[in-house]
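A.B. asks: Model the structure of this input:
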Amino acid sequence: MGVFRTEITHLQDFIKLRHTLLYISFHQTDDVSKLNEEQMKMLKEHQQEIASDEPMLPIDFVQEFKKLL
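C.D. replies: Got it, this is the predicted structure:
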């Protein structure tokens, strides 16, 4: 069970890293000043998700796995 918990932690880290890289890539390739209000709101929410310490996946995989056993 310990290995499974470690893998879940890595999955959470991978998803946060992926979101961060997509955010950076977007800023490097697109002109943010041309976004409309709704797009700016979505970008701001995305930025806040990345900056928070909350897991990107709101699922407790360890608990879900225990239910299957």
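A.B. asks: all contacts plus neighbour counts: C-alpha atoms, from now on.
C.D. replies: Will do.
A.B. asks: pull the longest helix from the protein.
C.D. replies: Counting residues, the longest helix found in the chain (DSSP state H) is helix 2-29.
A.B. asks: Can you name every helix or strand that it contacts?
C.D. replies: With contacts defined as 3 or more C-alpha pairs under 8 Å, 6 or more residues apart in numbering; DSSP states H and E, helix 2-29 has these neighbours: helix 37-51, helix 61-68.
A.B. asks: Tell me which residues touch residue 26, please.
C.D. replies: If you count contacts by C-alpha atoms under 8 Å, 6 or more residues apart in numbering, residue 26 has none.
A.B. asks: Mind pulling up the pLDDT for it?
C.D. replies: Listed pLDDT for residue 26 reads 84.
A.B. asks: Next, find the distance separating it from residue 49.
C.D. replies: From residue 26 across to residue 49, the span is 16 Å (C-alpha to C-alpha, to the nearest Å).
A.B. asks: highest average neighbour count across the helices and strands packed on helix 2-29?
C.D. replies: Counting by mean count of other C-alpha atoms under 10 Å, helix 37-51 has the highest mean neighbour count of those, with a mean of 13.
A.B. asks: mean confidence score for that helix?
C.D. replies: In this model, helix 37-51 has a mean pLDDT of 89.
A.B. asks: buried stuff in the longest helix of the chain?
C.D. replies: Neighbour-count burial for helix 2-29 flags 12, 16, 19, 20 (criterion: 16 or more other C-alpha atoms under 10 Å).
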